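Asks: just need the structure, nothing else, for what follows:
(one chain, ligands or ions: 1)
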Amino acid sequence: MHEVGLMENALAIALNYASRERASRIEQITLRIGDLSGVEPDALRFAFDVVTQGTIAERAKLIVESCPTLCFCHVCQTQFQPTQWDYECPTCQTWSMAIVQGKELELTSLEVS
Ligand SMILES: [Zn+2]
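Replies: A predicted model of the protein is given here:
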């Protein structure tokens, strides 16, 4: 399950930040995951419980924000949101695989105390 590895990375960033802030607890972690990242939010929550055990992030609240896929059309120079199987530009019907957003998994905010 690759969610565990991803979560370990996110937690490492969070713990690093917390120690710089001299925080004693991590209260809340917000992660943004792209629709194309292949990450299952439920699996991510499970991984979170596993990797935070025994750390200052144990019992922290995990917020998962999903972000939609966005493609860029080189013909119209615009971004559009493709449907699940259709990456055609709605304006000029050009096929685009220039994905500008949707594969990310990033830590967007952190609350420590
Ligand atoms: Zn277009």
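Asks: how about the residue lying farthest from the centre of the chain, secondary structure?
Replies: The centre of the chain is farthest from one residue, residue 92, which by C-alpha atoms, centre = their mean lies 30.5 Å away. The three-state label given to residue 92 by DSSP: H, G, I helix; E, B strand; the rest coil is coil.
Asks: which stretches of this protein form helices?
Replies: For the chain, helices defined by DSSP state H occupy the ranges 2-20, 41-52.
Asks: distance to the ion added to those, as JSON lines?
Replies: Just so you know, the C-beta spots here come from the backbone N, C-alpha and C atoms, and that holds for glycine as well. Supplementary listing: the helices of the chain in JSON lines, determined by distance: least, C-beta to the ion, whole Å:
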{"stretch": "helix 2-20", "distance to the ion": "33"}
{"stretch": "helix 41-52", "distance to the ion": "31"}
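Asks: now tabulate these in a markdown table and tack on mean neighbour count and distance to residue 33.
Replies: Formatted as a markdown table, the entries for these read as follows, by neighbours: other C-beta atoms under 10 Å; distance: least, C-beta to C-beta, whole Å:
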| stretch | mean neighbour count | distance to residue 33 |
| --- | --- | --- |
| helix 2-20 | 16 | 9 |
| helix 41-52 | 17 | 7 |
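Asks: good, we can wrap up now.
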